[in-house]
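Participant: here are the coordinates; sequence isn't available:
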């Protein structure tokens, strides 16, 4: 059984291992855990204001993550959505459950929009976000407080 739970310190090492493994091994992005200070202090970075960070846990192992960063003005940024390869797809529903958890949380806290940035490489992610109500937008349509990452070249908005 897979549970979606808010991040707690017991998951810190597993979160870093999962995310960096996917970034480097699957998508060949030359990045380290040290390059991502948000992952070294998740409560201070994400679990503030309307933000939060969730993990999908199967038999004690972190198999997925998603974060909502409160960027002010009743807006949020979806960050760190990663699911282990063997837990992807409709058979497991991990991605959908993580996203649903994030969107329900955002609505309950009065957010009006959730934005995200991704790279051109993440083709399956593009389809997933579009199927789930995200619409592609130009970078110029992002709010000024959106934390644009260097690798981000494609942007989406979900009106709540």
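Facilitator: That came through fine. Everything quoted here is computed from the prediction, not taken from an experiment.

Participant: going forward, measure contacts and count neighbours with C-alpha atoms only.
Facilitator: OK.

Participant: can you find the helix or strand in this protein with the smallest mean pLDDT?
Facilitator: Scoring the helices and strands of the chain by mean pLDDT, DSSP states H and E places helix 123-131 at the bottom, with a mean of 93.

Participant: what residues of that one count as buried?
Facilitator: Buried positions in helix 123-131, judged by neighbour count with 16 or more other CA atoms under 10 Å: 125, 126, 129.

Participant: which residues in the protein form helices?
Facilitator: 12-21, 42-45, 94-108, 123-131 (DSSP state H).

Participant: is it possible to get a markdown table of these that adds distance to residue 66?
Facilitator: Formatted as a markdown table, the helices of the chain follow (distance: least, CA to CA, whole Å):
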| stretch | distance to residue 66 |
| --- | --- |
| helix 12-21 | 10 |
| helix 42-45 | 11 |
| helix 94-108 | 6 |
| helix 123-131 | 13 |
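
Participant: so which of these gets nearest residue 34?
Facilitator: Among the helices of the chain, the nearest to residue 34 by CA to CA is helix 12-21 (9.8 Å).

Participant: chain center to that closest one: distance?
Facilitator: Relative to its parent chain, helix 12-21 has a centroid offset of 13 Å by CA atoms, centre = their mean, to the nearest Å.

Participant: got the contact list for it?
Facilitator: With contact meaning CA atoms under 8 Å, 6 or more residues apart in numbering, helix 12-21 is reached by 31-33, 39-40, 55, 61-65, 80, 82-84.

Participant: for residue 144, grab the count of nearby residues.
Facilitator: 9 (other CA atoms under 10 Å).
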